[in-house]
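Participant: Pasting the sequence and the predicted model now:
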Protein chains: 2
Amino acid sequence: MPIESNFEVFIVDDDPSIQRALNRLVRSHGLRARIFSSAVEFLSADISPDVAGCVLLDVEMPEMSGIDLQAEIRRRGTNLAIVFITGHANIPMSVQAVKGGALDFLEKPFDPGTLAKIIHNAVARSRRLVAENHELRRVQNDFESLTSREQEVFRLVACGRLNKEVAFKLGIAEKTVKVHRSRVMAKMKADSLADLVRLADKLKLPISTD
Amino acid sequence: MPIESNFEVFIVDDDPSIQRALNRLVRSHGLRARIFSSAVEFLSADISPDVAGCVLLDVEMPEMSGIDLQAEIRRRGTNLAIVFITGHANIPMSVQAVKGGALDFLEKPFDPGTLAKIIHNAVARSRRLVAENHELRRVQNDFESLTSREQEVFRLVACGRLNKEVAFKLGIAEKTVKVHRSRVMAKMKADSLADLVRLADKLKLPISTD
DNA sequence: CTTGACATTGGACCAAAGTCCAATTGACGT
DNA sequence: ACGTCAATTGGACTTTGGTCCAATGTCAAG
C-alpha cells in the first residue's frame, strides 16, 4: 500500500543503525524520512502545525526522553502522529505514552508489516488533525477580527438569545444589535444562524442560560 | 480523600487473595465493592449505562481475558471506567488496553496511593460519561418521537435552511414546514434555534450543504 | 366502518430578523 | 487638527419565522 506524498516521516533516534533501518523501511513505502539524532535536534526543526506526518520516536535517549519530547510536541501544537519504537521499555512507560496520545508503541524488533499498518493509520490521523486544526485557526482568526462588542453579541446570539434580549443585556438598542449581528455573520463567513452556532461551538464559546 | 457514594467498584479477578486485598483497599476509601471471579460472571450482572463506577480488572483470567472483557463492556455501552491490575503483563497488552480506552493499567504489586488517585479519576470520568450518555439518550428518544416528516424538517432546519427552502426540497408548502418545525421545537424541547442545532449535532445528523 | 395519528394547507396576524441610507459621538494614531 | 474605526441609533421597509383557528385527505389499526 503505497502512501501518497505530502506526508513526512520524522525519525528520532540516537542509534545510527536504527536510523538507517527505519529509513530503509520508510522509503520502501514510498515515503521520505527526515532523520534526527536527538529530541532537541528534532524540536529545533520547529514543525508547523500544517505539516501532516508522523514521528517514529525512541523512548530512551540522552538529554530528553521520548516521553518528554511527546509532551513538548503536544505543547507546541503540531499535528503529528507519534509512534514510539523502543528496545527497552516497561509497562508504565508504554501506558503513559498511549495515554499521552501516542498512536502506538512498538518494541524492537518489530514486524515491518505492523509498522506499515501503523504508518497508514498515522497518515489518516495526522491529516485529519491538520485539517481540523487549520479550520479551527481560520475560525479563530475570524473571531479575533471581531470587535469586542461584536464578540459579545456573537456569544449571546449563539446562546439562542433574541436580539431584544441581547440589547437588554448589553444596555443598547435592539437596532444596534442587528447591526453588530449582521457584521458578525459577515466576518465569521456564516451564512445561517445554524452555521454561526456551530462556529461558536468550535470556538468553545461559553454557553450560559442566564 | 473519601469518595461519596452512588459509585460502585467492580472487582473482577479469579484470585481470591487479590479479591480480598482489593476489596479491603477499596473499602478503606469508603466505597463498596462487588466481587466477581470471572469475566462471564461480571457480564451476567448486566450493568446499566446509568451506573457510575469502575472495574478493577485482571488481564489474565480463564475463559475470557480482561482485554476481551473490556471490548465486551464497551460494546454493551456501559459507562464504567476500566482499570487493569495485573501481575504478568507485557507491553502490547497494556498498549491495547489503553488504546481501548482503559483509564489505567497497573502492575502488581501496586502502590495503594496510586490506586486511590486512579479511582478518584475513575469517579470523575465515569460520572461524566453517565451524564453525557443519559443526556444523549434523552435526545435520541425525543428524536424518535418525531414523525418521519418532522425528522426531515429537523435535519434541513439544523443545516440552516430557510423554511421556504425546506418547503421546496420536500415539495410542500412553506406553511406546512412551519407547522412541522414548531412541532419539532416542542418535541425536542428546544427553546431556540441555537438549541435545536446543538441537539442535531449531538445526534450527529448529517450536515449537507446541498 | 370508525377512530386516530399524520400530513397538508389557508387565512389572519404578530414578532423577529435583516437591509438601506443616514448620522452622531469618541477614541486613537499621524 | 484630520482621518479612520468602532459603537450607536433612527427611519423605513421587506423577509422570515411563529401562532391560532379551522379544515381536508390518507392510511392503518381496532
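Facilitator: Ah, there it is.

Participant: Quick check: residues of chain A near DNA strand C?
Facilitator: By C-beta under 7 Å from any atom of the strand, the residues of chain A that approach DNA strand C are A:162-164, A:175, A:178-179, A:181-182, A:185, A:193. In short, each C-beta sits where N, CA and C put it, glycine included.

Participant: Write the ChimeraX selection for whichever of those residues are buried.
Facilitator: The ChimeraX selection below is limited to those of those classed as buried (16 or more other C-beta atoms under 10 Å in any protein chain shown):
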select /A:163,181,185,193
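
Participant: ok, the residues of chain A next to DNA strand C vs residue A:150, which is closest?
Facilitator: Ranked by distance to residue A:150 (C-beta to C-beta), the residues of chain A next to DNA strand C are led by residue A:181 at 8.4 Å.

Participant: where's residue A:24, which helix or strand?
Facilitator: According to DSSP states H and E, residue A:24 maps onto helix A:16-27.

Participant: What is that helix packed up against?
Facilitator: With contacts taken as 3 or more C-beta pairs under 8 Å, 6 or more residues apart in numbering or on different chains; DSSP states H and E, helix A:16-27 sits against strand A:8-12, strand A:33-36, helix A:112-144.

Participant: now those in a markdown table, with mean neighbour count?
Facilitator: Listed next are the helices and strands packed on helix A:16-27 as a markdown table, based on neighbours: other C-beta atoms under 10 Å in any protein chain shown:
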| stretch | mean neighbour count |
| --- | --- |
| strand A:8-12 | 23 |
| strand A:33-36 | 18 |
| helix A:112-144 | 15 |
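
Participant: would you turn those into JSON lines with mean pLDDT?
Facilitator: Converted to JSON lines, these look like this (pLDDT from 0 to 100):
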{"stretch": "strand A:8-12", "mean pLDDT": "96"}
{"stretch": "strand A:33-36", "mean pLDDT": "96"}
{"stretch": "helix A:112-144", "mean pLDDT": "95"}
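
Participant: Throw the ones you listed into a markdown table and include distance to residue A:150, thanks.
Facilitator: Formatted as a markdown table, the helices and strands packed on helix A:16-27 follow (distance: least, C-beta to C-beta, whole Å):
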| stretch | distance to residue A:150 |
| --- | --- |
| strand A:8-12 | 39 |
| strand A:33-36 | 43 |
| helix A:112-144 | 9 |
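
Participant: Show only the entries of the residues of chain A next to DNA strand C found in strands.
Facilitator: The members of these all map outside strands under DSSP state E.

Participant: How about the secondary structure of residue A:101?
Facilitator: Under DSSP: H, G, I helix; E, B strand; the rest coil, residue A:101 falls in the coil class.

Participant: and the closest residue to DNA strand D within chain A, how many residues sit next to it?
Facilitator: Using C-beta to the nearest atom of the strand, the single residue of chain A nearest to DNA strand D is residue A:147, 2.7 Å away. For residue A:147, the neighbour count with other C-beta atoms under 10 Å in any protein chain shown is 12.

Participant: quick one: contacts for residue A:125?
Facilitator: By C-beta atoms under 8 Å, 6 or more residues apart in numbering or on different chains, the residues touching residue A:125 are A:81, A:103.

Participant: separation between it and residue B:71?
Facilitator: Distance check for residue A:125 against residue B:71: by C-beta to C-beta, to the nearest Å, it reads 21 Å.

Participant: Contact partners for the residue lying farthest from the centre of chain A?
Facilitator: Residue farthest from the centre of chain A, counting by C-alpha atoms, centre = their mean, is residue A:173 at 41.2 Å. Neighbouring residues of residue A:173 by C-beta under 8 Å, 6+ apart: residue A:167.

Participant: Same check on residue A:119?
Facilitator: A:3, A:9, A:26, A:29, A:31, A:54, A:83.

Participant: For the fifth one, which non-adjacent residue is spatially closest?
Facilitator: Residue nearest to residue A:31 in three dimensions, not counting chain neighbours: residue A:9, with 5.3 Å by C-beta to C-beta, 6 or more residues apart in numbering or on different chains.

Participant: Just checking stretch A:99-110 against chain B, any contact.
Facilitator: Yes. Interface with chain B: stretch A:99-110 contributes A:99, A:104-105, A:107 (C-beta under 8 Å from any C-beta of the partner chain).

Participant: scratch that, stretch A:53-62
Facilitator: No. Stretch A:53-62 lies out of reach of chain B by C-beta under 8 Å from any C-beta, never closer than 10.9 Å.

Participant: Quick check: buried residues in that stretch?
Facilitator: A:53-59, A:61.

Participant: Tell me which residue is most central in chain A.
Facilitator: Geometric middle of chain A (C-alpha atoms, centre = their mean) lands on residue A:79, at 3.8 Å.
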